[in-house]
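**Student:** everything below, folded, please.
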Amino acid sequence: MSQIRSNTDAKGACPVRRSGLESFALQDEAIVYDLARDTVHYLNRTARLVWDRCDGTQSSSRIVRELRVAFEASEQTSNGDGQEIESGIRDSIQMLRRDGLLTDHA
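**Tutor:** From the prediction side, this is the model:
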């Protein structure tokens, strides 16, 4: 029996920021305002780095790989726990999708 996966879970999906959102940078973090839902979302450093890359041109897998390398190279993550880093990045992508801030580029 084959398993059907949605685009939101597909590793090759290219996440893109949904229209109708305004984002404001706050040093390493960001605030995203959803005009249609009149809600505000706070993005921590990891979610902000993911958000900045969600322009519909990069797959989720590529974003994870790119940010993992960047985090592993930084002093703050010199412990070398790549799986934990990758998990945090994937969690951020899922959170942005769950909150309706991202869709997948068609």
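
**Student:** tell me the buried residues in stretch 17-30?
**Tutor:** 17-18, 21, 23, 29-30 (16 or more other CB atoms under 10 Å). C-beta coordinates here come from the backbone N, C-alpha and C atoms, glycine included.

**Student:** just give me the closest of these to residue 38.
**Tutor:** Within the buried residues of stretch 17-30, proximity to residue 38 (CB to CB) peaks at residue 21, which comes in at 11.9 Å.

**Student:** can I get the least confident helix or strand in the chain by mean pLDDT in PDB? Just the C-alpha atoms.
**Tutor:** Within the chain, no helix or strand scores below helix 60-73, which has a mean of 88 by mean pLDDT, DSSP states H and E. Extracted C-alpha coordinates of helix 60-73, given in PDB (Å, rounded to 0.1, in the frame of the first residue of the first chain):
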ATOM      1  CA  SER A  60      12.800  22.700   2.500                       C
ATOM      2  CA  SER A  61      15.600  20.300   2.400                       C
ATOM      3  CA  ARG A  62      18.000  22.900   0.900                       C
ATOM      4  CA  ILE A  63      17.000  25.400   3.500                       C
ATOM      5  CA  VAL A  64      17.700  22.800   6.300                       C
ATOM      6  CA  ARG A  65      21.100  21.900   4.800                       C
ATOM      7  CA  GLU A  66      22.100  25.600   4.300                       C
ATOM      8  CA  LEU A  67      21.200  26.600   7.800                       C
ATOM      9  CA  ARG A  68      22.700  23.500   9.400                       C
ATOM     10  CA  VAL A  69      26.100  24.400   7.900                       C
ATOM     11  CA  ALA A  70      25.700  28.000   9.000                       C
ATOM     12  CA  PHE A  71      24.800  27.000  12.600                       C
ATOM     13  CA  GLU A  72      27.500  24.400  12.800                       C
ATOM     14  CA  ALA A  73      30.100  27.000  11.800                       C
END
